[in-house]
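In: please work out how this folds:
(chains A, B and C)
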Amino acid sequence: MNSTKKIIEHGKPSEEDLPYSTYVRAGDMIYVSGLVGFGADFEIVRGGVVAETHQILADAKRILAQAGATLGDVIKTNVCLPNADDFDAFNAAYTEYFKSNAPARAIICAGLTIGAAVEIEFIAYCPPN
Amino acid sequence: MNSTKKIIEHGKPSEEDLPYSTYVRAGDMIYVSGLVGFGADFEIVRGGVVAETHQILADAKRILAQAGATLGDVIKTNVCLPNADDFDAFNAAYTEYFKSNAPARAIICAGLTIGAAVEIEFIAYCPPN
Amino acid sequence: MNSTKKIIEHGKPSEEDLPYSTYVRAGDMIYVSGLVGFGADFEIVRGGVVAETHQILADAKRILAQAGATLGDVIKTNVCLPNADDFDAFNAAYTEYFKSNAPARAIICAGLTIGAAVEIEFIAYCPPN
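Out: Got it, this is the predicted structure:
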């Protein structure tokens, strides 16, 4: 591979017809859009931050697979946790997916455009084959 | 180009004399600082989230051109929308610039250090010629 | 170096036993986790946003050194400043570390999961030797 070769690959457009791609590969990096815990029919899954975190990680795994990557390739996450009291419960669920060599991470407590308990962005590093 | 060659290029310093560069190129990636809808004299343009979004995208286009890139090279955006009720109006304006192969995106609802309705960060992927 | 060679290096796990690495190198990029101004015993240092900013930059310098990089390699920062009134004081402290060729930057005003006045994330560009 020539490093000057431009490699961009776009994942599916938003299923909600919103102006974003589910992921974009740019060279060796894969940027996954901010995910919330959508279940069927774009309803946030019931069960609060733990259920939503598991839903998000399942979706991230599926989206990364479309990009040829896995959760093990994730090197950075950004977490938005509207309610700071959810911190411990969030960590307990999140840890199940990143037991060792966890990604770098930042968490802030801000609102979201939908009534969700958590949003997570993922960056994966996965040079194309 | 040798991928180990270090390529860093800094855009102009902040016009407000604040400690940031308008953009930084790092290898194949261009990071644009968070933009708000400044018009003349560092006043936020009138008209709310729609006018501000158009101003930001015009500024992003100009800044990316200085870095040798275009809006078509943008692969990720981060949007801060203080008022969640602005979501639909923001999307309508933003979509005009990213009709297909849209960047990955995340939106949070937090405050800003100035009375603006929206801030957008851009990452572009554009290997140097 | 072959650009397709996968280079990932994880910094130390969180000292608090939380699921993140202090930094991750991914190719030429180093992502540092969001830092708050922890002093001894994971207490936020006294003195407010200025003292915390100096603590964070000292920690960032130390962490980047572990990754083979310096503050001069930082090309992007993301700042979370819960109190917008801290903007000027934050800038004054932050500027001491980035006098010229400052990183691109974005600032939002959101809460944090701990009682801190500021959190900063750092991305450095530093091809491995």
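
In: number of nearby residues for the residue of chain A found nearest chain C?
Out: Residue of chain A nearest chain C, by C-beta to the nearest C-beta: A:Ala106 (2.9 Å). All C-beta atoms are positioned from the backbone trio N, CA, C, and that covers glycine. Residues within reach of A:Ala106, counting by other C-beta atoms under 10 Å in any protein chain shown, total 24.

In: that one falls within a helix, correct?
Out: No: if the criterion is DSSP: H, G, I helix; E, B strand; the rest coil, then A:Ala106 is strand and not within a helix.

In: check which helix or strand the residue of chain A found nearest chain B maps to.
Out: Per C-beta to the nearest C-beta, A:Gly34 is where chain A lies closest to chain B, at 2.9 Å. Applying DSSP states H and E as the criterion places A:Gly34 in strand A:29-35.

In: tell me which strands that strand pairs with, and in which orientation.
Out: Paired strands of strand A:29-35, with direction, are strand A:23-26 (antiparallel), strand A:119-125 (antiparallel) (DSSP bridges).

In: any idea how far the longest one is from the chain center?
Out: From the chain centre to the centre of strand A:119-125 is a distance of 4 Å (C-alpha atoms, centre = their mean, to the nearest Å).

In: and for the first one?
Out: When C-alpha coordinates are averaged (C-alpha atoms, centre = their mean), strand A:23-26 and its chain have centres 13 Å apart.

In: mind listing what's buried along that strand?
Out: With burial defined by 16 or more other C-beta atoms under 10 Å in any protein chain shown, the residues of strand A:23-26 counted as buried are A:23-26.

In: about what we covered before: can you tell me how far the residue of chain A closest to chain B is from C:Lys76?
Out: 18 Å (C-beta to C-beta, to the nearest Å).

In: residues near the closest residue to A:Ser100 other than its chain neighbours, how many?
Out: With C-beta to C-beta, 6 or more residues apart in numbering or on different chains as the measure, C:Pro13 is the residue that lies nearest to A:Ser100, at 7.9 Å, once sequence neighbours are left out. Counted by other C-beta under 10 Å, the residues lying close to C:Pro13 total 15.

In: can you tell me the element A:Ala117 falls in?
Out: Following DSSP H and E, there is no helix or strand that holds A:Ala117.

In: so what pLDDT did the residue of chain A closest to chain B get?
Out: At A:Gly34 the predicted local confidence, pLDDT, stands at 98.

In: try the one 5 residues further on
Out: On pLDDT, A:Gly39 comes in at 90.

In: same question, A:Thr77
Out: 98.

In: again, but for A:Val45
Out: We note a pLDDT of 97 for A:Val45 in this prediction.

In: roughly how far does the closest residue to A:Pro82 other than its chain neighbours sit from C:Ala110?
Out: Nearest non-adjacent residue to A:Pro82, counting by C-beta to C-beta, 6+ apart: A:Gly111, 5.6 Å away. In this structure, A:Gly111 and C:Ala110 are separated by 8 Å, where distance is defined by C-beta to C-beta.

In: could you tell me which residues touch both of these two?
Out: Each of B:108, B:110 lies in contact with both A:Gly111 and C:Ala110 under the rule C-beta atoms under 8 Å, 6 or more residues apart in numbering or on different chains.

In: shouldn't A:Pro19 be in contact with B:Asn91?
Out: Yes: A contact is recorded between A:Pro19 and B:Asn91 when judged using C-beta atoms under 8 Å, the distance being 6.1 Å.

In: poorly predicted segments of chain A, please.
Out: Within chain A, the ranges that satisfy pLDDT under 70 run A:1-6.

In: which helix runs longest in it?
Out: Of all the segments assigned as helix in chain A under DSSP state H, the longest by residue count is helix A:48-66.
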